[in-house]
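K.L.:
Structure for the following, please:
(chains A and B)
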Amino acid sequence: MKKYFLIPIIVSLLFTVSCDDQLERFPVDSLVEETAYQSVNDLEAGLRGAINSINRGGGQASLLAFNSIFTDNARLGGDNGGQQLNLLNQILNSQTGDQGTWGDRYNAINNFNRVLAGASTITPSAADTDRYNNVLAQCYAFRAYLHHDLLTYYAEDLLNPSSLGVFYQNTVSTSDLPARQTVGEVLTEIENDLTLAASLMPSSSTDKNYATLDFITFLRARVALYSGDYNTAITNANTLISSYSLANQTQYAAMFNGDTDTTEVIFKFDNVQGNNASIAFNWIFTGTGGNFIEMSTELFNAFAIGDVRRSVAVDPSSDPGANPPVLTIGKYPAGADTNYINDYKAMRLSEMYLIRAEAHARKAAPDFAAAAADVNAIRTARFGSAQTTATYTSLNQAIADIKDERRLELCFEGFRYLDIKRYRNILNEGIERDAFDCQGGVPCSLPVSSEKFTFPIPQTEINANPNMVQNSGY
Amino acid sequence: MRTKFSGILTLFLALFVQILFAQQQTVSGIVTDDTGLPLPGATVLVKGTTKGKSTNFDGEYSIQANIGQTLVFSYVGYATQEVKITSSTVNVQLKPGEQLEAVTVVAYGGAVNSAKVASAIATVDGATIEQVPINSLDQVLQGAAAGVNVSTGSGQPGQSATIIIRGRNSLQGDIEPLFVIDGVPVDQDNFRSLNQNDIESLSVLKDAAATAIYGNRGAGGVVLVTTKKGKKGSGVNIQYRTLYGVAVKPKTRFEVMNASQFLNFQKNLLPGNQFGDSLTDTQIAAIAAQTNTNWSDIFFQQGTTLSHEMSVSTGNENTSSYTSLQYFKQEGITLGSDLKRFSFRNNFNGSSNSKKFNYATNLTLNYSVSNFIVDATRGNNTGGQLDNPFIVPYIGLPYLSPYNPDGSLNIVGTQRSGALNPDGSVNASGANGFVNTAFLALNTARLNTDQESEFKAVGSISADYNFAKNLTIGGSVGIDYTNIELLQITTPGSIRGLITPNQGSEEKGSQSETFFRDANFITNAFLRYQNDITDKLNLTATVYGEYNYSNTQSAGFTAFGLNPALPGSGSGFTAGNTVEYPADSNNDGVDDPEDAVYNYIPGVASSETELALASLFGTLSLDWDGKYGLDGTIRRDQTSRFPKNSTGTFWSVAGRWNIDNEDFMSNVDFISILKLRASYGVVGNQNIGSRYQGLQTVNAGPSYQLATGYSLGTLVDEDIKWETSKQFNVGLSFGLWNNRLTGEFDYYDFLTDELFSNNKPLSLAGTGYSQVIANVGSMRNRGIDLQLSYDVLRKSESNPWSIRVHGNANYNKNVVEELPVGFTGNTLRVAEGRAAFTWNNVRWAGVDPSNGQPLYLDANGNITNVFDPANQVYLDKNFDPTYTGGFGADITYKGFTLSSLFSFVADRYRENSSLAIIEDSGLAGFANMSTSLLNAWTTPGQITDIPSLAFGGLRAVDGNRYLEDASFLRLRNVTLSYSVDPKILEKTNVLSGLRVYVQGTNLVTWTKWRGFDPESNQSTGFFDYPVPRTFSLGFDLNF
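P.N.:
Residues are numbered from 1 along each chain as shown, chains lettered A, B, ... in the order given. A predicted model of the protein is given here:
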């Protein structure tokens, strides 16, 4: 009888023995993180994936959409079926108000950190060292870029180094509950990363679709301006202005239509068919071209005839004479293939001129003439003929003019809200919408004192992280 | 291997000889029925041994036995008789059983005597779902068994339903039961290819005692499907059945404006400048007189159902078979939605002469072709697609004519609908626009293709061998194989084709084909020990080894730019490297590289996933004199899904007390059955997340600049494991007054622990992610199942009537006991201390009579005119119903039978977003509106529930205005049939049975829901495809 009991034992053994290796199933369609990074090629793939995870101008967490729609650059479009109404209504709360910006940027940062973690396990061959260093340099540069984005939107006062900044995430963790660092600490971390990036960046890295040494210089100028270090801003702006030239009218039009000219582009996110972040979809239905958000009439009226920026920013299909006027935002046009593929030109030389102008006006010993000259350099390039240089007699006057010029030059490129925020205490101006642009129950103004000039930390973060402090007013 | 096997056989044979050597003499005889006719295939057993024989065609048997032993004679439908052997000839006349011995199909055990079941199992007789024109075997369970909540999201023929047994047991994991057809676990979401007429019975396993044997797949319950087998000794039976049915649209519970109402509404009531404002009263009257389209009439069709089926069952002494072949065709209630199918089944059972060796094969092969419309449940649709046919009865403009001047259906649109330019050419943007919705939907349904061709095979081979006294060894191999080919064509000439691949491309249209293959294999081996240890104590113990493997693959392509002359053919695809130069940006008259556009780059995709599960399990069952029983199950599962936690152990214990068999009950005549059952066990749910949920993956694919990039897959918690459900059940089975009244009453308390939820919060700043899916939280379902059946009248020689009423009901209370961050979701929440998926919103408080403004209640219940999300409160209304069930009656008089089944769902709330659209005056410029808007507030003091139109569209600030009671009571099925008396048919010498019937399905629905259909598995109704009403007529012919 005993022999019978061998049978179940044999059967069971057969199953368990043969099944143990049967149970090790690894995904066919994806890699497993532990083993994903084996070579510099893998790191480059990781880098591309990380860059691809940055908001490239369109979709959720697009600051291009936020800066235009929340402010006075846009109004309700003729074909609106409920799109972007929260932004137009200036709803900014800790539940959903930041449009996912916090999460989007930290997630992208996390991706760069994971590539860096992968890189730490690889020792490149001599032949691969440049490529390896390039990956590291790119990761550090973009990490600084993304943290600066966060700092700009979530810190209440960039000019005060001891005020609350954001957390500088430079390790991979799945459980960290970090506290906010001060603005000063974050600025130091940004500069550390930029220094590291600059030291690693091979001289061969000049592709404008990636971080370059000029990208680093540009970011340093911008960081310095926003944080009140005007001399550093001027120094870095000088470097770039001396090695690039502003686009002429034709080049300017080509830069925005089809991305065919990059004369004054220092860095852009390269959107291509099949992987297009569809910037135009921030405002229009890309299928049919209908407008759910249009350009504000106030902005339209600010463009003078003869300014190439008017014909670029306003789509040719617009009908300003109609009642109500149809003002299609044209900076990211459908293009020859009607696919609305446009690069996000995140760093352009004209911004350097405007940064230098502002820095000259705001530095300890203001140089209003230099400021006016920089503004005029842009106007001259855009009108294609010499323009009269303004004369500033006060900071207010200089900033008011720079603010107007920045609006014309950088509209729909993600600056308007930041500009109003940065200048509001100098000019004592919040967001003021033209009466026509705020028809239909849309708020007409946002006072200077509003908490909405700083983004709320998302409630999900506050809930999950007891060490996180919310901004005042939320 | 072969030699070893025969060695073992020899060993067994040697043992048999030892066991059998005590036999003495041959006993023989003849078994007859009550009329004296011989009974072939009756079973003769020597009591207390495994010796058995069947009678031959003349009812004769012979068996080796001792004088003094007892022979047990049995035959299906007849009362079993025991006769003590006193001579070598024993003739027996069997009497028809007054009550067939009730059997219940249990997991891994086949049919067992219901009295010996200690777990909670509901049985649905296949006869009740046969020929019901609802073509998915999960759907037909609605209202059929207590605790089984069935809801369907679409009226697409063959649509699979969502089944929840005894309450939602998971938040983000699988909530549906495991389906097992003849021992083979199958895809629980696809039954459209299977012929439900092949089903003998369905067993719904509802508690851990019944499901623990399925280990980490059992937590949501298990549905065992047993298909028909031939009966041994039954000879050859041939049946032909046919069914013809017509499906019609359900009742419309909302009203939209007609042309005159709508244009006058635009002109006189609606602020702003719309089409109606540009017309004079005379013009409006003229338009309305000419065109007043009720788009429901255009979009709903009568869908026909047609079925032909031939089945043959055979049975002789040792083998039986059942073979069926069915052709089934069903059209939906709108054009372009249908199912056509061929189904074949063959079940074969055989035994050795000694009945010690049994084997069986089950095989079904099916091929179906389904055509789909752009309905709310298809793909990633939301219902808001403008070519969804069911959006049109709501928002289709009544002043647009559906016809061309020549009377044919207009499938392009008109100038007024935006589809045509003034010169008569088609405007691609306008044709795809909102105003053209009706024509766009007609166009897509007629010109474009969305078709799935499915081949599905489910089969198994099993055998068992009673190789020694008390010992049986067996095994089985099974497969569930599904191959689906999806074909989607946007034809160049269709409206959608105008913008595919894009508006600027020279060639138009796209063709997408996807091949999907899902194969599930199972092998199982077991050894069973069964022994009557004493006269009274019976023990059965079984150990099993099992291995399950699933492999799912898909691959597909999308090609662009079709040649209209070669529809559906690869020869018509435009080459992917075709370059177009639609613009000349530098105006040099030459095609420049920077203007090059590639419109026809095909999309390709391929994927594969695997899942493996190896298990060892055992059951132990003890019975004492039919009075007390104890069952235990333990299963150890090892899964590939959770590499760090691959092994889980699940178990259950159950006890029963058959009070009716106690001596002290022998004098209690009115109680025929009284059984108390109790069980407790732990089962799991491993069907959570992806098949690689325990591995942190990195995805590779086209990324920045379309070069290959790596990106982190969904962040996972590598310590993830199955959900655990701790299930307690106590039940009472009873039969009173000679089983005139029978029923089952169960109380259960299920606690799901280690709930799979994305509610483990993370710091975005610290980790880059806001949450990760992990085993957090717990949820409890407590409730009552009640199942009753009462024979009001029983047929007898003096009474031609038989009336039976039956009903079942479930009450379920779901509570989320623990969730780390209190709640998830916004208006539909999962919140600690409340039912999962409970509504939370700002309360709508009607319209201020003084100024027509919408009013709300604030968090404290005070009236306010400000909509503020901070005023959201829990509404004590849940998405999952608290009460479900069904009831009906079967009435028979002579050859006539009237059977009915009602199903009901109560205390369930859903958001009616379809109605919200047609009461959103913000859309009234281009969409038809509900007639309720004609009552919009206009004058101070007016009492109305529609706010002043001056406040514009209020859809974003509706609060709970459109949260509706989706409870319903439905006449699910009613059948009137007539069976011709077999005695009359005998004279034909051809027919042995003839049944004719008429049937109505979903005939009437009582509900407060203001739409087509309250039933859905979606929390929000948004232009859903309603379940139709069907009238059918059928014949069953037996030869």
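K.L.:
So which bits of the stretch 201-350 of chain A are right by chain B?
P.N.:
Residues of the stretch 201-350 of chain A lying close to chain B by CB under 8 Å from any CB of the partner chain are A:209, A:254, A:257-258, A:260, A:270, A:272-275, A:287-290, A:334-339. The C-beta positions use only the backbone N, C-alpha and C, and glycine is treated the same way.
K.L.:
among those residues, which are in strands?
P.N.:
Among those, none falls in strands (DSSP state E).
K.L.:
Those in helices, which ones?
P.N.:
residue A:254 (DSSP state H).
K.L.:
who touches the residue lying closest to residue B:135 once chain neighbours are set aside in this structure?
P.N.:
Nearest residue to residue B:135, sequence neighbours excluded (CB to CB, 6 or more residues apart in numbering or on different chains): residue B:158, at 4.9 Å. By CB atoms under 8 Å, 6 or more residues apart in numbering or on different chains, the contact set of residue B:158 is B:135-136, B:191-193, B:330, B:339, B:341, B:368, B:370.
K.L.:
Any chance of TSV for those residues, columns neighbour count, distance to residue B:547 and pLDDT?
P.N.:
Putting the contacts of residue B:158 into TSV (neighbours: other CB atoms under 10 Å in any protein chain shown; distance: CB to CB, whole Å; pLDDT from 0 to 100) gives the following:
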residue	neighbour count	distance to residue B:547	pLDDT
B:135	24	33	82
B:136	23	29	84
B:191	24	25	89
B:192	24	28	89
B:193	27	26	89
B:330	26	37	94
B:339	25	34	94
B:341	24	32	94
B:368	24	30	95
B:370	24	33	95
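K.L.:
which of these are the two that sit furthest away from each other?
P.N.:
Greatest spatial distance among the contacts of residue B:158 (CB to CB): B:191 and B:330, at 13.4 Å.
K.L.:
before we move on, the earlier item: can you tell me which of the contacts of residue B:158 lies nearest to residue B:151?
P.N.:
Nearest member of the contacts of residue B:158 to residue B:151, counting by CB to CB, is residue B:136, at 12.2 Å.
K.L.:
Find the residue closest to the closest one in space, skipping its chain neighbours.
P.N.:
Once flanking residues are discounted, residue B:136 sits nearest to residue B:191: 4.5 Å by CB to CB, 6+ apart.
K.L.:
just checking, residue A:109 touches residue A:147?
P.N.:
Yes - if you go by CB atoms under 8 Å, residue A:109 and residue A:147 touch, sitting 6.8 Å apart.
K.L.:
These two - which one has more neighbours?
P.N.:
Counted by other CB atoms under 10 Å in any protein chain shown, residue A:109 and residue A:147 do not tie: residue A:109 has more neighbours, with 29 against 25.
K.L.:
show me the contacts for the more buried one.
P.N.:
A:143, A:146-147, A:169, B:768 are the contacts of residue A:109 under CB under 8 Å, 6+ apart.
K.L.:
Tell me which residues touch the nearest residue to residue A:77 once chain neighbours are set aside, please.
P.N.:
Excluding the flanking residues, the one nearest residue A:77 by CB to CB, 6+ apart is residue A:291, at 3.4 Å. Residue A:291 sits next to A:77-80, A:283-285, A:326-329 when contact means CB under 8 Å, 6+ apart.
K.L.:
please redo it, this time with the cut-off set to 7 Å
P.N.:
Neighbouring residues of residue A:291 by CB atoms under 7 Å, 6 or more residues apart in numbering or on different chains: A:77-79, A:283-284, A:328.
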